[in-house]
Every structure is written in C-alpha cells, then in structure tokens.
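S.K.: build the 3D model from these lines:
(chains A and B)
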Amino acid sequence: MSDLLGFVLSGLVSGALYALLATGLVLSYSASGLFNFAHGATAYLCALAFYELHSGFGWPAVPTALLLVCVVAPALGWGLDRLMFRKLARVGETAQIVATIGLLVALPALGLWVVELLEGAGAPVKPAENQFGLPGVGPSPATSWQLVDGVGVDSDQLITWVCTAVVAVGLWVLMRHTPLGLKLRAAVDNRTLVELRGMSADRLSSVAWMLSSALAGLAGVLATPLLGLSAHDFTLFLFVSATAAVLGRFASIPLAFAGGLGLGVLQNLVAGYASFADGITGFRTAVPFLILFAGLLFLTRRQRTAGTAASDAPPIDYLAGRSWARRWGPWAVAAVLLAVAFYTVTTPFWSGILAQGLAISLVFISFTVVTGLGAMVSLAQATFVTGAALVAGLLMSHGWPFAAAALAGTCAAALLGALVALPALRLGGRSLALATLALAFLADQVLFQMGWLRNGDTGWEIPRALFGPVDLNDDRAMGVAMLVLVTVAVAGLSALRGSPSGRAMLAVRSAPAAAMASGVSVVRTKLLLFTLSAGLAGFGGVMYASYNTRITATDFTAMTGLIWLAVVVAAGVRRPQFAVVAGLVFALVPHLVSDYVTESVHLPVILFGLAGLALANDPDGYCAALPVRLHRRRAAVFASPPHPVTGAPPQTPDRPSGSSSNSPRLRPGGAPRRAEVVTPALELRGVHAGYGGVHVLHGVDLAVHPGEILALLGPNGAGKSTTCKVAAGLLAPSAGAVHVGGRDATREGVVRRSRAGVVLAPEGRGIFPNLTIEENLALRLTGKDQRDAVYERFAGLAARRRLVAGSLSGGEQQMLALAPLLLRPPQVLIADEPSLGLAPRVVEEVFRLLAELREAGTALLLVEEKAAEVLGIADTVAYLAQGRVSWCGPRDQVQTDRLTEAYLGIAAPGTHRPAQAPEPQGPAPGPQASPTRGVVRP
Amino acid sequence: MLRPIRTLAAAAAALLLATACNSAATSGSGSGDGKTGSVRGVTDDSIKVGGIVSMTTASGYSKKDTDLGAKARFDRANAEGGVGGRKIEYLGAEDDGQDPAKNLAAARKLVQQDKVFAVAPMSSVTFSGADFLQKQKVPTFGWGTLPSFCGPTYIYGFGGCMVPSPGGTISQTWPEGLKDVMGGSKGKSVAILATDNDAGNFAIRTYSQSFTSAGYEVTYAKAAVPATSVPSDWSAYTKEILRSDAGKAPDAVVSVMQTPYNIGLFTAIKRTGYKGVITDPTDYDPGLLAKSATRKALDGVHVLLSFQPFEQDTAAMRQFKEDIRKAAGKDVPLNMHMVTGYMSADLFLAIAEKAGEDLTVASFQKAANGFSDTGTLVGDRAEPKGRTESFGCGALVQLKDGRYEVSSPFECYEPIPFK
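M.R.: Presented below is the predicted three-dimensional model:
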C-alpha cells in the first residue's frame, strides 16, 4: 500500500509539470487556435536563463525566478504573439503547425547563441552543455523528508507542488472571478462575438499568450533540477503533456490541469507495475506516447471534416492553362543543367551533397502527397523512411538484390502508412498531427528497438545499386540517378493530380461531405493518400540510406520528421517540384552558410526557425510566394485598365480580385438631399463587398436614424447578412463608405465600431454558450445592480443564473442576448434574423423588446426573412435583391407585389443586373438611378 | 500529358547512358592514395588531420573538449619536431551535432574538400561517416564505443573496440576492479539497471555475462528505465532493485546509464538508506563536482573508466596534464573527453611514427598491423587486436568528500569470450 502511495505522491511531481505545460497549451490554443509545439522550447529557454542568471551571474534564486516567470516569459509570449501567432491564427493549420515547429528549434538555438555571445563579451556565463543536477529555486542539493517508510519527498518536489497549487488557485481566481478572466473565457467561447461586443480579441490573445508563456516559464524553472538543460527533453515533456491538453479538449483549463496531474500518476503506476511488459523492449519508454495516442483517438471530438484542414484555400495558380513549356520549361532546364553540372563543374564534395539533396527530395516529395494533396499533417514520415530502409537492409543482408529489397522496403513502408492512416479516418488537423507524432515515437521506441530488425547499433549495410554498366558508387552517377527518379516522381504526381483519383483527393481535401455526396469514398481516398505517401517516403528512404550506404535505427527519428516537415512546408507543399527545391536547400544551405556566412552553428538554426515568420505572411511557402509576388507586382504595373486575368481559380470565374476597388465612383457628396433630415445613426453609402473575390454587395445605400426600425428584407443570398457584417465592421467594404453618427467609420474594425455604439446581434444567438447566464450578462453589465435589474425583468433568467447559457432554450438565449441591451441601449443595433428558429410567441416577445429599444432611441437595422411579422414593427422597409437595395420606403408604402418581387429575387426595373456573372466592374448604377436615397422618416 | 512523359523518359535514358559511360571511365580514381608523389593530405613537411566531434546538441550533451585534447597532443608532437619530419596540420574538429547526416557530411568535407590524411579524433554518438571513411581509406581514430570501430580496417578505437560482438570478447575491467572494492566476488550479489531500449538490452546482456563469469550473483538485470527522458521519480525502480536479492538489497547496484539518469537513481537509492556499493561507467567528470547536487548524488559512487585516472600520478598523466594546460592556455578542469581526443591523436601519432618517413595510407596500414606499445594512458595497445576487442584496461575511482579517489588502480585484465 505504501508503494501505491509513494507512486502516486511522486507521480504528482511530473504531473504538476505536465499540468502547468498543458494549461499553457490550452490557453494559447484557445487564444489563437494553434497548437504551440514550441511551448517546451519556451520552458527550456527560461530554464537556461535561470541557470545562467542564477549560477553564472550569481543572482539570487527566488527573485530571478520571479523575474523570469512574471516579466521575461510573458514578454516573450507577447512578442511572439505580435510577430507571429496573431497572423498565424488566420492561415491554414499546416502553416501553423510548421511555424511553431520552426520556433521549437529556433528558441533553444537563440538562447545558446546569446550565451555564446555573452561568453565572447566576457560575461560570467557558464557553458550550457553537460549540466546535470542543476540547482532549482530551493536548496541544492534538495532536502528530503521521509514521510512514512518508503515514501519520501524532497524540497524540489515540495516546491513544485506548492507552486503548482498556487498557480492553480491563481488561475482559477483569475479565470472565474475577474473581468479579464471572463473576457478570456468569452474569447475562447466565441472570438467573433467578443469582438462584436467591443473587446479586442487580439489584445485578449496577447494576454493569453503572455499567461501561457509565463506558465511555460514556471514549468521550466521548476523542472531545471529535474530535466537539466536539454531542449530535447523539454520538448518530449511537452508532447507528453499534450495528452493532458487533449483531455481538456484544448478548451477546458481545469480538465487539462487535472489531466496533467493524473497523467503523471498514471505514468508512475505503469512504471511501477509494468513488469508484465518486460519482454517488450521499449514498452515502458513508450507509455506516455501510448497514452497520448489513446487519448487522441478516444477523446477528440469527431469533426465533420476529419483529417483535413479545409481552411487554407489554395493560392492562385497563375500558370494554369499555359503551355507545357511555360509551366515546366524552367524546371526541365534546371534539371538538365544540374545533371550536366555533375559531370562538369561540381567538385566531388558538392556532387555528394547534391546527390544527398536529391535523395532526400524523394522523401520530401512524399509530404506533397499527404499534406499537399490530402491536407493532412503527417509527422510520421521519418518512421516510414526508417522502416523501409531497415527492411531493405535486412533483406539485402540475406542476399536480396537491391531492386527487390527496395521494392520490399517500399511495400513495408506503405503498409505502415496504411496503419498510420487509420487514426486519420477519425482525427483531423492538429489531433491527427499529434497522433502521427505519437505513432512515430512508438515506432522509434518499440518497433525499431527489435533486435532482428535493427541489428543493434550497427544497422544494415545498404550498398549502392549497380544497374548494368551504371555504378552508383560514383556520387555523380548517384546524383544523376536520383535526378531521374525525382523527375519521374514529380511527373507522376503531377499526372496523378490531374487524374480522376487526384481530383477525388482534392475534393476530399476541400469538402469531405460534398466529396462523399458525389460518390467519392473519403475512407479509401485517405488510406490511398497515406499509403502512397508512405510508400514514396519509404522508397526515398531506401535511396537515401543507399547514399549513406548504411541504415541504423537511430538515423531518422520522430524529431527528424518534424524538421523535415518544416523544411518542406517552408518551401511549399502544394507541388512536388517545390519539395525538390526544399531537399536541395536542406542539403546545401548549411554548408554554404558555414563556408561563406558564419561559423556559429546556432545562427543557421535560428534563421531556419524564423522561416516560421515568413510562413505567417506566405503560408504557401517561398516557392509559391515567388510567382504570386511577381504576379502582384506585374498586376500593379498593369492595374489601370482592369483586364481579366488568365487562369484564375475556378471559384472566381471571371472577376479579377481587387480590381473592383480601384474603380472611381461618383459619390453624392455625402449630404442627404433632404436638408432637414437628422444625421443618420448608421449610413451605408454605395457599399460593395464580398468574400475572396466573390462579390455579394454591388452598391448598397442604407440609412438608419435614431429611434427608427429599418427592416431589411430579401431572399436567401441577397446579401442581407453581408450587409450586417459590413455595417458592424466585421467585413471591410471593397468600395463605398460606412458612417456612424455622421462620422466616417469605414476603416474602423469591429471592435472600434462596437465601442462607438454599433452592436450586431449576429445570426443565431449572440451569447457565449459555455459561460453562465450571470457571466454573459456581466460581460456587458459590470454593475451588479444592472444585472439585478435584468433578472427582475426576466424572471426566467434569474432562476437559472448559474447555468451555462447553452442550456437555455432558443427563445431564452435570444432574450439573454438582448436583455443587457435594454439596460444600456446602444446607438445602433443590427439584428441579423433575431427570430430565426423561434416559436411565434417568442418572436412576438423579441419584437416587443426591439420596439422597446427603439423607444430608447436606438437605431435598429433589422434583417428578417419573416416579412409579415417584421412589417408590424418596422418604420422603414428596404428590399435587398442581388446585392442592391431595390426599393426603400416607409412601411405604409409597402405593396404586396413589391414584397413578392423582393422575395422572388426580381429587383425593380432599371436596377436589375445578373448577380452571378457581372461584367468586371462596369460603372455601378449612378446614385440617381437608385430610388433608395432620401429615406422618408415616419 | 503523354508527350512530356515521353520527352522525360528520353531525357532520362540519355542521361543514364552518359552516366554509365562516364562512371565506367572514371571509376577507381576516387582517392588520391597509392599514386606516387601525391598522398592525400601529406606534403614533404606536413600531414593534414581533422576531427569530427559532437559539440552542440539539442540534448545538452557535448563532447567539445575532445577537440582540445587532440590539439594538446598534436601541439606537443609538433613541438617535438613532428612525425617523420612532418608537422601535423590539425584543422580542428567539425561539429556533427549528434546528427547522422551531419556526421557523414563532416567526413566527406574533411576528405573531399579539406583532403585530410587522417581523421582524429572522431567522437560522437553516431558514426554514419564510417563506411565512407573506410571506403576512401582514411585512417580514423576515435572512441570505440560504436560498432563502426569494430572490424573496419581503417577505423581505430583509441582503447580498442569497446562494443563486444558475439564471437568476440568482453572486457572484464569492471567486475574485476569491483573485486578490489568489495573484497572479492564470492557470495556477492549485484543488480544491473539499464534504459529500456535496444542498447540497454545489449548492455544488460553483456554485463550480466561479465559479472556472472567473474563470480558475482546477478540478482537483477533489467533494461527498464524509459529511454527518452529522465524519470522524475525513481521509486518504482529502487523498490524492485532493493528487494531483488531474495527480498534483501543486493551488495552492489550497477547502473549502465548516462549521467542524468544516474543522478536521479543514486539519489533515490541513497534516500532509502542503501549502504551497498554503487557503480557506473559514465560519471567520471570532475565538472560534476562543481555542483552540490551532483556532488551529493554521486558521493561514494565507484566510477569505471578505461584510462588512467587523473588522480593517478604517472609520467604519462603528468605529461597529459601539462599538454592540456599548454593548449588551453590556462588551468582547466580535466574531463574524459580531453582524454578521448588526446589518446585518439596519440594512437595516430604512434602508428604514423612507426610508418616512418615514407608515409602513405598503405605504409600507415602496414605499420598499424603488428603495432603495439605499453604503458600509455589506456594501457597496453596492440593492433590489429584493437579492431575486435578493447585493450581491456581500466580503473575505478570513488567520489569521496567532493574528490575522486582511486578505489581500484588502473590495470589490464584478461577478457572473456562473449557468448
């Protein structure tokens, strides 16, 4: 029994560190939606700083620790958020994952480089290598106490527990009992709504990153005596604590915290009682990753888009439709030149490096299959490489010829790939990435520890192939052979992309549900992608191993796979030829840098890591960014006559992006024609807007005055919600202006607009479902008396104020959204379909509330499809059809046929234009043509 | 799409054909060895030598000082007039960052770009450049803890091959030396602990045999400790170990793990009040004494080393200390990496000396065959014996009150066959 107690108690130590790291992960994830692989690196950086300041500079331990945790680490988090994470939150998941992988290697290198520089400057720093048993915050060596027989604790453990407990309480107070915590939780719940409520989500994200970074810093300082100064160990520690973040579903801090503690205990118990697994080498080592994998598989909520990251739209292919020579000519010429170079200019050393780069390119191309075509992030490619090469080596040691062994190795890798693909059927995005990483670690620690497969540390010899007269032992011949193979692979994949299977893969990538509806098997496609990619990686692995002439089980580890992914994605993962560029860069650049730039080994690593910064701007990599930028520059030169661009992507059939904003538009001078009119509270003037090149609004003019309800009617797709978004500042118009209280607010974002009194009640329910009713109210009504006033009015809410708002009925949720507004009426309320999905009686109630707001002087822009009901309260009615206001006038002038017209989508004569295929920005109908100006006030 | 594919295929075929002609015509001209007048890296008055060492790593483990050790030895050789009238031009060590790809690239750079005659020292956790160096006939000297140091004809471990292979032998320095500490092996029980991976398994296999054949009773031998990161809690392992001798604690605990693991394990074991012998093969690093936590954790531990301890006062050791001081320009704390570099360089110099003035790779290899000397820092050396077994010499030192003391003097023992 005392065994058990001992295991549990000491398990809580690593558990506490897991909890701290997992909490930080959850915080930063919920702030920006990205899984921070570099979280462990932040912890390492703080551990390093603590060691140097404390042991090197001789600063006192506790103040140094406080300085690092409370000032330095948050500053680092803030800086990274401003520089990277904020931008990354808007790009695709692959770029997010890779950018933080870059940081994972760059931050430790940065720390070591600074130490190197300080050492050069004569500062009393200590070497950061070979440091064990480092002093922590407490006494060193740690004092230990024996609680009961066999159960002891020491001061380091005690400090870890106490700090973690204090942090847990502090976090709980912060998140549950402070306005800041409330806002943070609201931002986690619904980021857009937070902005609509006038709180800057960016600023909240900064706060979350600062907190997250501080937690990492704390974990780093506390773990210094335990982990020493190994960036690698810190990162592994982080991956384990990711399990706890998964337990908390990347959203719940308490769950993640508890999960971390539990994980430490569980791990200890398994270590203590896993004697059943003594026969399996590596089982105990693999325990955390087994837990991580199982946790991901069983705890991740099934997403509809499992396995794919659909958010990253492909970049425009400016060469689509051009001739073969134009598309492939430069690549072909480059390949031929390279082949010629092998036998003319390159020295033996550079021939070898080039051959190596081409061999690794084969592996890199496999990323373009699974990640480029399939949009699934696989961190297990190194496993396929090792697996294939080991199998090939094993067979060759039994006398198999090279080609047969390579084929068998490729098949083995493909088989592994099919196995790894199984979780992909269920998981997507970061969960899949983590799951493949867990599998990669499992393979490293269990599969590749099997003696018969790995042959100890000796590994297997893989002599280079002999094809008839071609002897690949010559590096130049090897290079040319690799070049041929790479060319075949690139051509094959490009052909695949254009084939029906390739189209099916792309369909699954962008819309699995639609693909399924079109008869494409998502399961089969994903399996195929993984298998193909793994096979290719395996084949590349055999080739790469034959370049090395040997494979050992530790040549390519899971961490190698992480770096590879980063290198490929930095270049561009959409096209196989970019992977070849990545391979050559990967092989050549380190040597070029060390020959011509710097001797420091840290600087290239830092530079490589900073490629993540570039990804934040060009998420499709530098190879793809080059033509896009060139094209943009060219487009800027020829901008004046707007002309259709060849080869625009299919989604935007005709419209050149951006050109519409350039067309000069005649404005009616801003002044309403009726001089006596009161300044409108909200006015839209000639607003054009759309999404990613698809134009929805084609010149909307609207004005809402204080104390007026303007009902905006129109059929589906007319642009009602888009109008709301433009009015609220969620969407910037491409042309036209938005005035709030007579002031031009076009350039103001949603936060400033909201602070200026323009409130949008978005479609659906404008509430935070995971916050309680009380908290929902408190976000707008800070005073308790105000909230009490709401409860007085809405007894139904009062009774359930401690319940989460998501548990309310639709009508109650809408009441909850509107109630705080009644108490503090905004200048303008834009209500997007407030009656959607509500029972008729509730709709009446909602409309009554809106009328009440009107009495209080709020200008209401009310968007509705339920025309009949809304006519009962509207003062003015506007019909929106195909992106234009086709009629606007007082309610009593509304005629049934107009209403019908509006709903059938037939705009008033004279303004009718086909919305689907408009000519490229012809001059919009002049202001005179529109009958909507000069709104009549009732 | 057909036309391009046909074009590609034609181009590829043409390329391969050209390659074939060319590689047939140029094969065999890879190394500059064996031709009169030009031996790679050797001129009338100099021999070019470079090293490969893991200096920077993500794991925080570095063998940086290997470079200093080699430099110290080469400096002295040059001060004494060089080898066969030639000075050693030591290029310093390439950093391979414990990365296999970089290790091979470093070997290629030294041979193809810098054109060194030999590589010394080579000390890393990976040696993927071994096959290349062997094929290019580059004499290479380093720490023989990797299998590549066993077998290949051009690759020499400064203490011989330290990885036993079936059919080869196991060095008995550890159990034999421990007899000095424990007063014989009869009736003594030992527990051996290693990390949970293939290397750990292998260590358990060899040391179980080694200790058993020296007369100890091995009561516990498990590769059980998670290999990727140091456990924060050792109670699970200490409990099992300390009950292994029929419910009692064994007389000795033998750890075949790295320093960070040992610190954790030994601290935990001592906390239970264990009074037996604790021993490991890695923690001979006076740098560890600088920190109170490590000093306390390792206090009383007997550490195995395969060279003369710094505490042993011999002529060779005095010379070593003086050379290091000169090369560093000041007094620096000594460590085993310096010995690695120093003795790698020393073995190269000794063989080169024997090869004489007409230094070619062939004459060097000829001199190596049948080379032997005695009384060095690593004991009695002999080639080609060192290609298959270690020189079998070692000592134990015990950390006591913040100082290492020799607990079993440096001696060479007869190895046993490895089954």
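S.K.: now do the helices in the stretch 251-400 of chain A.
M.R.: Secondary structure of the stretch 251-400 of chain A (DSSP state H, counting those that start in this stretch): helices at A:253-273, A:283-299, A:324-344, A:348-367, A:381-397.
S.K.: equivalent analysis for chain B, please.
M.R.: Counting by DSSP state H, chain B has helices at residues B:2-26, B:65-79, B:100-108, B:130-135, B:173-182, B:198-213, B:235-242, B:259-271, B:292-298, B:315-328, B:336-355, B:361-368.
S.K.: quick revisit: now mean neighbour count and mean pLDDT too, for the helices of the stretch 251-400 of chain A, in a markdown table please.
M.R.: In short, each C-beta sits where N, CA and C put it, glycine included. Shown next, in a markdown table, are the helices of the stretch 251-400 of chain A (neighbours: other CB atoms under 10 Å in any protein chain shown; pLDDT from 0 to 100):
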| stretch | mean neighbour count | mean pLDDT |
| --- | --- | --- |
| helix A:253-273 | 22 | 85 |
| helix A:283-299 | 21 | 84 |
| helix A:324-344 | 15 | 87 |
| helix A:348-367 | 26 | 93 |
| helix A:381-397 | 28 | 95 |
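S.K.: distance to A:Arg497 added to those, as a markdown table?
M.R.: Below are the helices of the stretch 251-400 of chain A laid out as a markdown table (distance: least, CB to CB, whole Å):
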| stretch | distance to A:Arg497 |
| --- | --- |
| helix A:253-273 | 40 |
| helix A:283-299 | 30 |
| helix A:324-344 | 12 |
| helix A:348-367 | 12 |
| helix A:381-397 | 19 |
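S.K.: and the stretch 1-150 of chain A, which of its residues are near chain B?
M.R.: A:3, A:6-7, A:10-11, A:13-14, A:17, A:105, A:108, A:112, A:127-135, A:140-142, A:144, A:146, A:150 (CB under 8 Å from any CB of the partner chain).
S.K.: of the residues you listed, which belong to helices?
M.R.: Per DSSP H, the subset of the residues of the stretch 1-150 of chain A next to chain B in helices is A:Asp3, A:Gly6, A:Phe7, A:Ser10, A:Gly11, A:Val13, A:Ser14, A:Leu17, A:Val105, A:Pro108, A:Leu112.
S.K.: if you skip the residues just before and after it, what's nearest to the second one?
M.R.: Here the nearest residue to A:Gly6 in space, its sequence neighbours aside, is A:Val151; by CB to CB, 6 or more residues apart in numbering or on different chains that works out to 4.3 Å.
S.K.: beta partners of that neighbour?
M.R.: When bridges are called by DSSP bridges, A:Val151 pairs up with A:Val148.
S.K.: any chance of the ones in helices among the residues of the stretch 1-150 of chain A next to chain B in JSON lines, plus pLDDT and neighbour count?
M.R.: Formatted as JSON lines, those follow (pLDDT from 0 to 100; neighbours: other CB atoms under 10 Å in any protein chain shown):
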{"residue": "A:Asp3", "pLDDT": "74", "neighbour count": "15"}
{"residue": "A:Gly6", "pLDDT": "77", "neighbour count": "24"}
{"residue": "A:Phe7", "pLDDT": "80", "neighbour count": "24"}
{"residue": "A:Ser10", "pLDDT": "78", "neighbour count": "26"}
{"residue": "A:Gly11", "pLDDT": "83", "neighbour count": "27"}
{"residue": "A:Val13", "pLDDT": "83", "neighbour count": "27"}
{"residue": "A:Ser14", "pLDDT": "83", "neighbour count": "29"}
{"residue": "A:Leu17", "pLDDT": "89", "neighbour count": "27"}
{"residue": "A:Val105", "pLDDT": "86", "neighbour count": "24"}
{"residue": "A:Pro108", "pLDDT": "91", "neighbour count": "30"}
{"residue": "A:Leu112", "pLDDT": "90", "neighbour count": "25"}
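S.K.: just name the closest of these to A:Ile563, please.
M.R.: A:Val105 (6.8 Å; CB to CB).
S.K.: thinking that closest one is in contact with A:Leu610, fair?
M.R.: No. Using CB atoms under 8 Å, A:Val105 is not in contact with A:Leu610, being 10.3 Å away.
S.K.: do stretch B:376-387 and chain A come into contact?
M.R.: No. Stretch B:376-387 stays clear of chain A (CB under 8 Å from any CB), getting no nearer than 14.3 Å.
S.K.: list of residues touching that stretch?
M.R.: Residues from elsewhere that reach stretch B:376-387 (CB atoms under 8 Å, 6 or more residues apart in numbering or on different chains): B:144, B:149-153, B:156-161, B:306-308, B:316-317, B:320, B:339, B:342-343, B:346-347, B:350-351, B:368-374, B:391-393, B:410-412.
S.K.: that older thread, which one among the ones in helices among the residues of the stretch 1-150 of chain A next to chain B gets closest to A:Val678?
M.R.: The closest of these, once distances to A:Val678 are taken by CB to CB, is A:Val105, at 61.6 Å.
S.K.: if I pick the residue lying closest to A:Leu27 once chain neighbours are set aside, what's in contact with it?
M.R.: If the residues on either side of it in the chain are set aside, A:Leu27 comes closest to A:Ser212, at 4.2 Å by CB to CB, 6+ apart. By CB under 8 Å, 6+ apart, A:Ser212 lies in contact with A:Thr23, A:Gly24, A:Leu25, A:Leu27, A:Ser28, A:Ala31, A:Asn36, A:His39, A:Gly77.
S.K.: report the contact partners of A:Val581.
M.R.: So A:Val581 contacts A:Ala571, A:Gly572, A:Cys623 (CB under 8 Å, 6+ apart).
S.K.: how about the secondary structure of A:Trp209?
M.R.: Of the three states, A:Trp209 takes helix under DSSP: H, G, I helix; E, B strand; the rest coil.
S.K.: and it, how far from A:Ala231?
M.R.: Here A:Trp209 is placed at a distance of 20 Å from A:Ala231 (CB to CB, to the nearest Å).
S.K.: one more: A:Gly699?
M.R.: 57 Å.
S.K.: who's more crowded, those two?
M.R.: A:Ala231 (27 against 23; other CB atoms under 10 Å in any protein chain shown).
S.K.: roughly how far does the nearest residue to the more buried one once chain neighbours are set aside sit from A:Cys46?
M.R.: Closest residue to A:Ala231 apart from its sequence neighbours, by CB to CB, 6+ apart: A:Pro108 at 3.7 Å. A:Pro108 sits 11 Å away from A:Cys46, going by CB to CB.
S.K.: next: A:Ala761.
M.R.: 44 Å.
S.K.: report the distance from the strand or helix carrying A:Thr160 to the chain centre.
M.R.: Using DSSP states H and E, the element containing A:Thr160 is helix A:155-177. Centroid separation for helix A:155-177 versus its chain: 29 Å, with CA atoms, centre = their mean, to the nearest Å.
S.K.: what do you get for stretch B:115-125?
M.R.: Distance of stretch B:115-125 from the chain centroid (CA atoms, centre = their mean) equals 12 Å.
S.K.: what residues of that stretch count as buried?
M.R.: Buried residues in stretch B:115-125, defined by neighbour count with 16 or more other CB atoms under 10 Å in any protein chain shown: B:Val116, B:Phe117, B:Ala118, B:Val119, B:Ala120, B:Pro121, B:Met122, B:Ser123, B:Ser124, B:Val125.
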